[in-house]
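S.K.: any chance you could fold what I've pasted below:
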Amino acid sequence: MTTVAVIPGDGIGPEVVGPALDVLDALGLGVRTDVLDHVNARTYLRTGAAMTGDDLDRVRRSGATLLGAVGDPRLSGTGYVRGVLTTLRAELDVYVNYRPARLWHDRLSPLRDPARRAVDCVIVRENTEGLYSGIGGGSRAGTPHEIAIDVDLNTRRGVSRVLEFAFSVARRSVCLVDKANAVRNGGRLWQRCWSEAVARYPHVEASHLYVDTAAMRLATDPAAFDVIVTSNSYGDILSDLAAALAGGIGMAASANLNPATGQGLFEPVHGSAPDIAGTGTANPLGAILSVALLAEHLGRAEEADAVRRAVAAAVAAGRVTADLGGSLSTGEAGGAVLAELGQPAGRARTRRRNHRLGEDG
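M.R.: Numbers count the residues shown, from 1 in each chain. The predicted model follows:
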């Protein structure tokens with residue numbers, strides 16, 4: 001039996017993971033869950049450890065991992081968040097960040113022109129290198145002569161493998177986004193690897209845009225894109241822009257993947273949102289759509305499509321949370337998706353009671 005590791009995390013993480021787990025259960029995939037509800041900011045504040053070696057072993061042994069969110073306003077530095085997210089991405093070597101963006105209903109688009117609203121693209125982001133690699137340092141802190149250095153790390157292996165993945169998932173086209181005219185060394189490496197990848201996929205339309213031009217094009221005509229492939233930091237920014245054009249960050253799902261090893265980490269991208277934590281208003285659809293990506297990862301494409309159809313039906317009916325124009329609570333919005341799947345909504349309460357999501361283990 002496949003095990004899915006679950007890290008509810010902080011803030012609204014446990015609140016959205018509850019409905020997401022209930023949807024996972026409703027799919028009947030025959031998986032068991034291993035809930036690591038002690039991996040959170042409370043534990044970090046008490047022990048100083050974000051994740052232990054045993055935690056990582058449990059994640060490695062699983063067939064996939066579902067993450068809610070990490071982050072806590074009581075922590076001013078980035079040590080805890082990097083200790084969870086960066087550690088998981090590095091230790092699992094999930095080098096692809098796969099972020100689909102789809103407009104689920106016309107009323108959710110901020111664009112005035114209906115002909116340009118049909119967002120249905122994927123941002124493929126390099127996930128383990130770039131400016132987020134953690135290489136750098138500083139000196140003379142707090143003085144007028146302070147120096148801070150962050151290194152934009154790019155390797156031929158890292159760039160080549162993410163480009164290869166982008167072409168492998170393209171339906172019609174791939175657009176490389178970089179800033180090779182200004183960031184010359186990394187830019188030249190990306191351009192060389194890009195030329196080699198384009199030659200291997202002559203049947204896929206290939207194009208290139210600088211990141212500033214790509215951002216403008218994405219904001220004005222997102223329907224023009226199929227797959228965008230780019231670096232870690234550019235992908236972080238462009239994927240949030242794409243999410244806003246597709247109905248909001250509350251619906252944005254993501255997968256962190258290593259196609260070679262089969263490791264997969266799935267998470268909504270909205271963060272821990274401490275300002276609304278505990279209010280029952282968080283949108284669970286990003287977490288539920290992350291479960292669809294997880295099901296797809298486990299080879300259950302039909303079930304993944306069923307989840308997406310259920311989400312689309314709930315959105316079309318207006319059975320959603322306030323950020324999407326509805327009036328439902330987090331649990332009720334999850335229940336609306338379950339209803340579209342033909343499942344009773346009460347199972348979410350049972351699962352949360354059984355697993356004590358978000359409480360210290």
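
S.K.: okay, CA-based contacts and neighbour counts for the rest of this
M.R.: OK.

S.K.: center of this structure - which residue?
M.R.: Nearest residue to the geometric centre of the chain (C-alpha atoms, centre = their mean): Ser254, 2.6 Å.

S.K.: how about that residue, nearest residue that isn't a chain neighbour?
M.R.: Spatially, and ignoring its direct neighbours in sequence, Ser254 is nearest to Arg99 (4.7 Å; C-alpha to C-alpha, 6 or more residues apart in numbering).

S.K.: just checking, that neighbour is part of a strand?
M.R.: Yes - assessed by DSSP: H, G, I helix; E, B strand; the rest coil, Arg99 belongs to a strand.

S.K.: name the helices or strands packed onto the helix or strand encompassing Val177?
M.R.: Element membership for Val177 (DSSP states H and E) is strand 173-178. For strand 173-178, the packing partners by 3 or more C-alpha pairs under 8 Å, 6 or more residues apart in numbering; DSSP states H and E come out as helix 156-169, helix 184-200, strand 205-210, helix 211-220, strand 227-230.

S.K.: change it to 10 Å
M.R.: strand 120-126, helix 156-169, helix 184-200, strand 205-210, helix 211-220, strand 227-230, helix 232-245 (3 or more C-alpha pairs under 10 Å, 6 or more residues apart in numbering; DSSP states H and E).

S.K.: and of these, who's closest to Pro110?
M.R.: Distance to Pro110, taken as C-alpha to C-alpha, is lowest for helix 232-245 among the helices and strands packed on strand 173-178, at 6.3 Å.

S.K.: where along the stretch 1-150 of the chain do the helices fall?
M.R.: Along the stretch 1-150 of the chain, counting by DSSP state H, counting those that start in this stretch, helices occupy 13-26, 41-47, 53-61, 79-81, 87-92.

S.K.: what mean pLDDT does the longest one get?
M.R.: What helix 13-26 shows for mean pLDDT is 97.

S.K.: buried residues of the strand or helix carrying Leu338, list them for me.
M.R.: Applying DSSP H and E as the criterion places Leu338 in helix 330-340. For helix 330-340, a neighbour-count test (16 or more other C-alpha atoms under 10 Å) marks 330-338, 340 as buried.

S.K.: grab the two from these that are most spread out in space.
M.R.: Taking C-alpha to C-alpha, no two of the buried residues of helix 330-340 sit farther apart than Thr330 and Glu340, at 15.9 Å.

S.K.: what about the strand holding Val177, distance to the chain center?
M.R.: Here the centre of strand 173-178 is set off from its chain's centre by 19 Å, with C-alpha atoms, centre = their mean, to the nearest Å.
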